[in-house]
Every structure is written in structure tokens, then in C-alpha cells.
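*Asks:* Sequence isn't available, so here's the structure alone:
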């Protein structure tokens, strides 16, 4: 796969490699893509939890009771 980058982005990627954290610009791009996948997974997980919460309806507990239960679990 070949990717064309504007000069400013190419320079940025090359500067990240020059810092020594990445062995090549390809390594840097792969890391960015892995992180993007992880972020997308986290967002999907959170959205599922939000949807579940909305579908469950209102709670019978007060906010203080909810936090007390949470702290007890920790």
C-alpha cells in the first residue's frame, strides 16, 4: 500500500522517526492505525454501555446510593 502525504505531514512523520521512538515512517503509521482501532473499539464499548443504560430505564436508587455502591465495589 502506498500513501501520499502533504509535505507538512511527511515532515511530521519523519520528525517522529528522528526522535527514535519509531524505526520508520511505516512503523509510525502502523502505530497510529493500531491506536485508532483501539480508540474505535473503546468508543463502540462505551456506546453499547450508554445504550444499555438508556434501555434499562430510570434507576430506583438516588445518586448518593449509586455512588455508595460504586465505592463499595472498588
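*Replies:* Looks like it arrived, so ask away. Because the structure is a prediction, the values reported are computed rather than measured. Residues are numbered from 1 along each chain as shown.
*Asks:* what ranges do the helices span in the chain?
*Replies:* 7-18, 25-55, 63-73 (DSSP state H).
*Asks:* mind giving me TSV with those and columns for mean neighbour count, mean pLDDT and distance to residue 1?
*Replies:* Backbone N, C-alpha and C define where each C-beta goes, glycine included. Listed next are the helices of the chain as TSV, based on neighbours: other Cβ atoms under 10 Å; pLDDT from 0 to 100; distance: least, Cβ to Cβ, whole Å:
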stretch	mean neighbour count	mean pLDDT	distance to residue 1
helix 7-18	12	97	15
helix 25-55	11	97	10
helix 63-73	9	95	45
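*Asks:* Spatially central residue in this structure, please.
*Replies:* By Cα atoms, centre = their mean, the chain has its centre lying nearest to residue 39, at 2.3 Å.
*Asks:* tell me the contacts of that one?
*Replies:* Residues counted as contacts of residue 39 (Cβ atoms under 8 Å, 6 or more residues apart in numbering): none.
*Asks:* measure it to residue 45 for me?
*Replies:* 11 Å (Cβ to Cβ, to the nearest Å).
*Asks:* Repeat that for residue 1.
*Replies:* In terms of Cβ to Cβ, residue 1 sits 28 Å off from residue 45.
*Asks:* go on, residue 2?
*Replies:* Distance from residue 2 to residue 45, by Cβ to Cβ: 33 Å.
*Asks:* next one: residue 7
*Replies:* 37 Å.
*Asks:* So residue 18 versus residue 24, what's the distance?
*Replies:* Distance from residue 18 to residue 24, by Cβ to Cβ: 11 Å.
*Asks:* Kindly report the same for residue 39.
*Replies:* Note on residue 39: its distance to residue 24, by Cβ to Cβ, is 23 Å.
*Asks:* And residue 50, by the same measure?
*Replies:* 39 Å.
*Asks:* can you check residue 58 too?
*Replies:* 53 Å.
*Asks:* These two - which one has more neighbours?
*Replies:* Taking neighbours as other Cβ atoms under 10 Å, residue 58 and residue 24 compare with residue 24 leading, 11 against 5.
*Asks:* OK, contacts around that one?
*Replies:* Contacts for residue 24 (Cβ under 8 Å, 6+ apart) come out as residue 17.
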